[in-house]
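K.L.:
can you look at this prediction? I've put the sequence above it.
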Amino acid sequence: MPDTSTGNATTPSRRTVLAATAGLTTALALGGTAHAAPDDKKLRALIARMTLPEKVGQLFVMRVYGHSATAPDQADIDANLKEIGVRTAADLVARYRVGGIIYFTWAHNTRDPHQIADLSNGIQQASLTQPRGLPVLISTDQEHGIVCRVGEPATLFPGAMAIGAGGSRTDARTLGRIAGRELGALGIRQNYSPVADVNVNPANPVIGVRSFGADPAAVAGMVAAEVAGYQHSRQLAATAKHFPGHGDTAVDSHYGFPVITHTREQWDSLDAPPFRAAVRAGIDSIMTAHIMVPALDDSGDPATLSRPILTGILREELGYDGLVVTDSLGMEGVRTKYGDDRVPVLALKAGVDQLLNPPSLDIAWNAVLKAVQGGELTEARLDESILRILRLKAKLRLFDEPYVSQGGVDRYVGTPSHLATADRIAERTTTLLVNEGPLLPLSRRTHPKVLVVGADPASPSGTTGPPTGVLAAALTELGFTATALSTGTAPSAATIARAVAAAREADAVVVGTYNVTASSAQKALVEQLLATGRPVVAVAIRNPYDVAQLPGVRAFLASYSWTDVELRAAARVIAGRVAPRGKLPVPVQRADDPSRVLYPVGHGLSYRRG
């Protein structure tokens, strides 16, 4: 094992910063302007001085519990001891010399911006004070929409399908630029976004609204634009995922092993374009998918472990030479065929560079070490991946500027300008699918009392409460008297009865729907609300496919997520403060005949002027 000593401060002084980085910066002498081309000769010399355990550690990106690198809460210490065998993030870095750490909300890494910056600085200090200390590449999943790890007061944008509905590559680029600047100010330098999957399966349980849409060319354009925005921020490495394409599956790879039945020709025309666009845009990293694609590799291995896919197609055919990072190695899709001691070794043999979040770091770390010692992997193979990792760290100037400042947090994170930009972008994404009458916009004179009911899915980081409450508060701010009544995703008969009774006392009802199916109790709720005679406005707060299950609704909006920024925009559309501009980025099939399209890609209504 490497040295296990740790640093003990989460906010280093200027003297500590200079002392910790002086030797390393001098050794590399990278210098130059931001994003200058790294000097491979100096990086190779650095790699030659590394021990084998240090090299193994650089390949791993690991979770760790706690808000502080050295003084987390006791519950987080206990979780770290149980799962990783260390007490703190500083101990993790010292023992395993990991090259990366990933932040999660559930791991208590992202309480608030100033805390995140302190945590990042503490992690960097712990690593830089080790022999041949190297900066850590800190990452997270900040896709926006339903997948966010950093919440308010940071700027939260609409998710990918909403951006696809807006149809503006400029907005996608702006999202990347602002998000990159804010994450960089927190010390997060690699974002696992954008999602490059083309969502052509309405039953997809894991991608769905995380995708820009169903049209490969449109998705490719959005991916390239968002990547350009992240690069413009000069703070962040973007990551296109999940190669070779997770958009046509009905199985969630967190819990099962999906099989994609596309032919090679279908893959070339449907799944490949967004990844080709990302490579052309100079993407810094690409994440693998734990899926089987027999047309690309008939071995039965997941793409994460497939040399024909990662080396043959991604590296050789697409010409990609950036980082390849696995999706989480704790997911069932990559653990079905092989044990946890084989998966990291096989991933490296396939062409992976970064091994993300194995269920047991000790098992995975030692498996790679033993594979090199036993000759299954060569040290030269590790050096190839480490060179790519260090190149990216050098490109991001982590050797020169590993720390962030609290002043930078105040200056860049959640500024009024950034928040206003997110609101304007969200307004361009809200999609009006149905408007008979027209019922919308609602008038405060004719419909002053509004009841807001509906689903209350678990809140992502971009929310301040249940969607019913957020929508009701937004409508109240716009002059309505709005009341919230959360009915859930599976309302009981008693809950439906309460909602119906409340609807009779209101002038209009807004109902938030969430993944409605033919047998869903949400469908019964909407039908009984319609029977009251009160006008009902439905808002699909996740997948827009809900509209096919609710033919009696006179006004139907799609917000594509239930984060505050998207729900506030939907409220402004309902109230007529802004006109809806979004267009469906996916087709919606008929519920009674899925072979027929109810609403095609590009469908979207607006309000007539005058």
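P.N.:
Thanks, I have it.
K.L.:
okay, now residue 300: neighbour count?
P.N.:
By other C-beta atoms under 10 Å, the residues close to residue 300 number 12. For glycine as for every other residue, the C-beta is placed from the backbone atoms N, C-alpha and C.
K.L.:
again, but for the one 5 residues further on
P.N.:
Each residue near residue 305 was counted by other C-beta under 10 Å, and the total is 27.
K.L.:
what does the one 10 residues further on give?
P.N.:
Other residues near residue 315 number 16, with proximity taken as other C-beta under 10 Å.
K.L.:
go ahead and confirm it touches residue 353.
P.N.:
No: contact criterion C-beta atoms under 8 Å: residue 315 and residue 353 do not qualify, at 10.8 Å.
K.L.:
wait, a strand at residue 209?
P.N.:
No: assessed with DSSP: H, G, I helix; E, B strand; the rest coil, residue 209 is helix; it does not lie in a strand.
K.L.:
from what I see, it and residue 558 are in contact.
P.N.:
No: checked against C-beta under 8 Å, the pair residue 209 and residue 558 is beyond contact range at 9.4 Å.
K.L.:
the helix or strand of the chain with the lowest mean pLDDT: what's the following helix or strand?
P.N.:
Lowest on mean pLDDT, DSSP states H and E among the helices and strands of the chain sits helix 14-28, with a mean of 42. Downstream of helix 14-28, the next assigned helix or strand under DSSP states H and E is helix 40-49.
K.L.:
I'd like to know which elements that next one is packed against.
P.N.:
Under the contact criterion of 3 or more C-beta pairs under 8 Å, 6 or more residues apart in numbering; DSSP states H and E, helix 40-49 touches helix 14-28, helix 379-395.
K.L.:
what about it, distance to the chain center?
P.N.:
33 Å (C-alpha atoms, centre = their mean, to the nearest Å).
K.L.:
for that helix, buried residues please.
P.N.:
By neighbour count with 16 or more other C-beta atoms under 10 Å, helix 40-49 contains the buried residues 42-43, 46-47.
K.L.:
quick check, nearest of those residues to residue 394?
P.N.:
Nearest to residue 394 out of the buried residues of helix 40-49 is residue 43 (C-beta to C-beta; 6.6 Å).
K.L.:
residue 389 is in contact with that closest one, correct?
P.N.:
No: using C-beta under 8 Å, residue 43 is not in contact with residue 389, being 9.6 Å away.
K.L.:
give me phi/psi at residue 262?
P.N.:
With angles defined as degrees, to the nearest 10, residue 262 sits at phi -60, psi 140.
K.L.:
residue 260 - nearest residue in space that isn't next to it in sequence?
P.N.:
residue 293 (4.6 Å; C-beta to C-beta, 6 or more residues apart in numbering).
K.L.:
could you measure from the one you found over to residue 244?
P.N.:
Separation of residue 293 from residue 244 (C-beta to C-beta, to the nearest Å): 6 Å.
K.L.:
quick one, helices of the stretch 251-400 of the chain?
P.N.:
264-266, 272-280, 307, 332-335, 343-350, 361-373, 379-395 (DSSP state H, counting those that start in this stretch).
K.L.:
okay, buried residues for the last one please.
P.N.:
Residues of helix 379-395 classed as buried by neighbour count (16+ other C-beta under 10 Å): 382, 385-395.
K.L.:
and the furthest pair within those?
P.N.:
Across the buried residues of helix 379-395 (C-beta to C-beta), the longest gap, 20.3 Å, separates 382 and 395.
K.L.:
pretty sure residue 526 sits against residue 554.
P.N.:
No: using C-beta under 8 Å, residue 526 is not in contact with residue 554, being 11.4 Å away.
K.L.:
show me where the stretch 51-200 of the chain has helices.
P.N.:
For the stretch 51-200 of the chain, the helices defined by DSSP H, counting those that start in this stretch cover 52-58, 74-83, 89-96, 113-128, 160-166, 169-185.
K.L.:
gap between the longest one and the chain center?
P.N.:
Okay, so that is helix 169-185. That offset, for helix 169-185, works out to 14 Å (C-alpha atoms, centre = their mean).
K.L.:
buried set for it?
P.N.:
Residues 169, 171-185 are the ones in helix 169-185 that count as buried (16+ other C-beta under 10 Å).
K.L.:
returning to that earlier point: what would the buried residues of helix 379-395 look like in a markdown table with pLDDT?
P.N.:
Shown next, in a markdown table, are those (pLDDT from 0 to 100):
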| residue | pLDDT |
| --- | --- |
| 382 | 99 |
| 385 | 99 |
| 386 | 98 |
| 387 | 98 |
| 388 | 98 |
| 389 | 98 |
| 390 | 98 |
| 391 | 97 |
| 392 | 97 |
| 393 | 97 |
| 394 | 96 |
| 395 | 96 |
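K.L.:
fine, thanks again, bye for now.
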